[in-house]
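Asks: The sequence and its predicted three-dimensional model are supplied below.
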Amino acid sequence: MTSDIAPNEATSLWDLLALRAEATGDAVAVIDEFDRRLTFAEVASAAERVAAGLLARGIEPGSTVSWQLPTRIETMVLSLALSRLGVTQNPIIPLYRAREVKVMIEQCSSEWLITLPEFRGFDHEAMANDLRAASGDRLELLIVSDELPDGDPATLPAAPLGRDEVRWIYTTSGTTSAPKGVCHTDGTLIAGGVALADAIDAGPDDVGTVLFPYAHIGGPDLLIASLTSGMSLVVMEVYEPVAAVELMRRTGATITGGSTPHYTLLLEEQRKNPGTPVVPTLRMVTGGGAPMPEKLFRDVLAEIGIPVLHAYGMTECPMITSARMSDSVEQLATTSGRPVLGCEVQIRSEEDEVLSSGEVGRVWLRGPMLFKQYRADGEIVRPFDADGWMFTGDTGKLEADGHLVLVGREKDLIIRKGESISPTEIEEVLAKHSAVADVAVIGLPDDRWGERICAVLQLRDGAADVEVDEIRDYCRNAGISPAKFPEEVVIVSEMPKTPTMKIRKQNLRQSVIDQRAGVGAAAR
């Protein structure tokens, strides 16, 4: 990593931006698909003016603000403006709907919701008004479009100091039905972004991309990597592979990715014109989220000519391990890399004994990028042992060279497009369907998205079969995100259960996979 500032000495995220604006203020910070460009100095200036405008609207230091906005330059500026005010902010992915947004506003005790009138055919303003009414008009709304609030920076109080106050609450799907709030500080996010910049050896000549929702934990990860290294960022509000490739060519992108589906879609674009690099300036593909099949890595290397630097992270700890350019092809293809700068990883047995290299067990971690606590059902939960270690919910092994190989997960989660989805939340919705006697939601392997969502249903006596479109409509009416709609429905006469009447999901999942394989074999 090339850096002309000392990011770990920044007193806050705002201080880090100020240091970057002072060091290389004339360098391009961000570019969008409309070729709008802002320098680091212009980003800092715009964020201060927006902060003053927000203050005039009534958003004050110490407020808690939920925002649900797409990946735009304005979103980055707004988030930095909230940082300038010392606000606690709760970024919410635009795909989430009333059910999820309501829970997060309540989990965070948010006083404000900032959103836009409409995005991708969905009326966010109407949803916001419904949420405000449901709060007894306690929730304040700010609906923004192209123009953000503007004000005089001279009206602003002193910039916030201190890296250790909780100022960020992200959303994660755990094993419970409701999403949880993952509480980060400026310090934890800075540690994650610095670790990312170090792992990918980012420098001022690099151009990275944000082709995923900026409200995802990867948003500040890349922003801070940019502020740390001087790297420019290219943002795109709706990811579409052909347009993304054209944008990357136009801007000279050197680093792209996000998660395994991004690697797959880039490879598909490369195959349209074999022999000519899909984006000639790219030097790597990087990201995390869903597991990366070894074949995908080898195909990208062979056909695009660049490596995939796959990483492992989670909302609670955005950077855990990462591949590096110095790794061997075998390490790149078969592992999730080594622990990043500042992060420690242990493999433990179920009895909590630390295992030797090569032994499979539970993945534990600790480090300065690890979150501080959960907010769930009105309570603060800190899932750490006495020494500050946390169990990730995944199983794996550490090789003798320190590289991590992930084997599976103990958490009952579906990983789709790099996002963790709680089956319990979907099951609670489907259990209320008049035709459903019992339900289990499982993830099935999918070459493109990692996993697809399958609803396994046991129907009530006499009920007619239900089709996937009916189930998807039912979920839509229940107000959950389209990303959680089942993509497949399987009807069973009886659920496999334990003696205590819990559904044996692993047995059920394997049975459906085997059934699909049998159908495919018969068809061949």
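Replies: Right, received. Where do you want to start? Numbers count the residues shown, from 1 in each chain.

Asks: what's the burial count for I491?
Replies: A count of nearby residues for I491, using other C-beta atoms under 10 Å, gives 12. Just so you know, the C-beta spots here come from the backbone N, C-alpha and C atoms, and that holds for glycine as well.

Asks: Any figure for the gap between C317 and G257?
Replies: 19 Å (C-beta to C-beta, to the nearest Å).

Asks: How many neighbouring residues does T64 have?
Replies: The number of residues near T64, taken as other C-beta under 10 Å, comes to 18.

Asks: what does the one 10 residues further on give?
Replies: Neighbouring residues of E74 were enumerated by other C-beta under 10 Å; the total is 21.

Asks: What strand or helix carries it?
Replies: Element membership of E74, judged by DSSP states H and E, is helix 73-85.

Asks: starting at the chain centroid, how far to whichever helix or strand comes after that helix?
Replies: Sequence-wise, the next helix or strand downstream of helix 73-85 (DSSP H and E) is strand 88-91. Computed by C-alpha atoms, centre = their mean, to the nearest Å, the separation of strand 88-91 from the middle of its chain amounts to 14 Å.

Asks: check contacts around A464.
Replies: Counting by C-beta atoms under 8 Å, 6 or more residues apart in numbering, A464 makes contact with A435.

Asks: Distance from the chain centre to stretch 397-417, please.
Replies: Distance, stretch centre to chain centre, for stretch 397-417: 17 Å (C-alpha atoms, centre = their mean).

Asks: Quick check: buried residues in it?
Replies: Neighbour counts over stretch 397-417 (16 or more other C-beta atoms under 10 Å) mark 397-398, 403-406, 409, 412-417 as buried.

Asks: could you dump these to JSON lines with pLDDT?
Replies: Below are those laid out as JSON lines (pLDDT from 0 to 100):
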{"residue": "K397", "pLDDT": "96"}
{"residue": "L398", "pLDDT": "98"}
{"residue": "H403", "pLDDT": "98"}
{"residue": "L404", "pLDDT": "97"}
{"residue": "V405", "pLDDT": "95"}
{"residue": "L406", "pLDDT": "92"}
{"residue": "R409", "pLDDT": "75"}
{"residue": "D412", "pLDDT": "77"}
{"residue": "L413", "pLDDT": "83"}
{"residue": "I414", "pLDDT": "89"}
{"residue": "I415", "pLDDT": "87"}
{"residue": "R416", "pLDDT": "88"}
{"residue": "K417", "pLDDT": "83"}
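
Asks: Relative to the whole chain's centre, how far out is stretch 84-97?
Replies: Its chain's average C-alpha position is 13 Å from that of stretch 84-97, according to C-alpha atoms, centre = their mean.

Asks: what's the answer for stretch 3-16, then?
Replies: When distances are taken as C-alpha atoms, centre = their mean, stretch 3-16 is centred 23 Å away from the chain's centroid.

Asks: Give me the buried positions along that stretch.
Replies: Buried residues in stretch 3-16 (16+ other C-beta under 10 Å): S3, I5, P7, A10, T11, S12, L13, W14, D15, L16.

Asks: Check whether the fourth one really touches L19, as I assumed.
Replies: Which is A10. Yes: with contact defined as C-beta atoms under 8 Å, A10 counts as touching L19 (6.0 Å).

Asks: how does this protein divide into domains?
Replies: Under the assignment automatic domain parsing, the domains of the chain span 7-398, 422-523.

Asks: Out of these, point me to the one whose mean pLDDT is lowest.
Replies: Ranked by mean pLDDT, those bottom out at domain 422-523, with a mean of 89.

Asks: Where does G518 fall, secondary structure wise?
Replies: For G518, the host element (DSSP H and E) is helix 505-523.

Asks: Remind me what that helix packs against, helices and strands.
Replies: For helix 505-523, the elements it packs on are strand 436-446, strand 450-459, judged by 3 or more C-beta pairs under 8 Å, 6 or more residues apart in numbering; DSSP states H and E.

Asks: what's the closest of these to I143?
Replies: strand 450-459 (31.6 Å; C-beta to C-beta).

Asks: Tell me which helix or strand comes right after the closest one.
Replies: Next element after strand 450-459 (DSSP H and E): helix 468-478.

Asks: which other residues reach that next one?
Replies: Helix 468-478 has contacts (C-beta under 8 Å, 6+ apart) with 99, 426, 429-430, 432-433, 455, 482, 484-489.

Asks: orientation of it relative to strand 450-459 in degrees?
Replies: Put simply, helix 468-478 runs at 90 degrees to strand 450-459, going by axes from the mean of the first three to the mean of the last three C-alpha atoms, to 10 degrees.

Asks: Show me which residues of helix 468-478 are buried.
Replies: Neighbour-count burial for helix 468-478 flags I471, R472, Y474, C475, A478 (criterion: 16+ other C-beta under 10 Å).

Asks: Check the gap between the fourth one and E428 for me.
Replies: Per C-beta to C-beta, C475 is found 11 Å from E428.

Asks: same thing with the second one?
Replies: Counting by C-beta to C-beta, the separation of R472 from E428 is 16 Å.

Asks: same check, this time on the first one
Replies: Here the criterion is C-beta to C-beta. By it, I471 lies 14 Å from E428.

Asks: my guess is G187 contacts R167, does it?
Replies: No: contact status for G187 versus R167: not in contact, 9.7 Å apart, counting by C-beta under 8 Å.

Asks: Now the closest residue to M314 other than its chain neighbours: which helix or strand?
Replies: Counting by C-beta to C-beta, 6 or more residues apart in numbering, M314 lies nearest to T392, which is 6.5 Å off, once chain neighbours are set aside. Following DSSP H and E, one finds T392 within strand 390-398.

Asks: could I get that strand in CSV with only the CA atoms?
Replies: Coordinates of the C-alpha atoms in strand 390-398 are reproduced here as CSV (Å, rounded to 0.1, in the frame of the first residue of the first chain):
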residue,chain,number,x,y,z
MET,A,390,-15.7,-14.0,18.6
PHE,A,391,-17.0,-17.1,16.9
THR,A,392,-17.9,-16.4,13.3
GLY,A,393,-20.3,-19.2,12.8
ASP,A,394,-18.1,-20.7,10.2
THR,A,395,-15.9,-23.8,10.2
GLY,A,396,-12.5,-24.1,8.6
LYS,A,397,-8.8,-24.8,9.0
LEU,A,398,-5.6,-22.9,9.0
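
Asks: Strand partners (parallel or antiparallel) of that strand?
Replies: strand 361-366 (antiparallel), strand 404-409 (antiparallel) (DSSP bridges).

Asks: For S322, find the nearest of the ones you listed.
Replies: Across the strands paired with strand 390-398, closest to S322 is strand 404-409 (C-beta to C-beta), at 9.8 Å.

Asks: Contacts for that closest one, please.
Replies: By C-beta under 8 Å, 6+ apart, the residues outside strand 404-409 that reach it are 291, 312, 320-321, 334-339, 345, 360, 363, 393-399.

Asks: What subset of the residues you listed is buried?
Replies: Buried among those (16+ other C-beta under 10 Å): 291, 312, 320-321, 335-339, 345, 363, 393-398.
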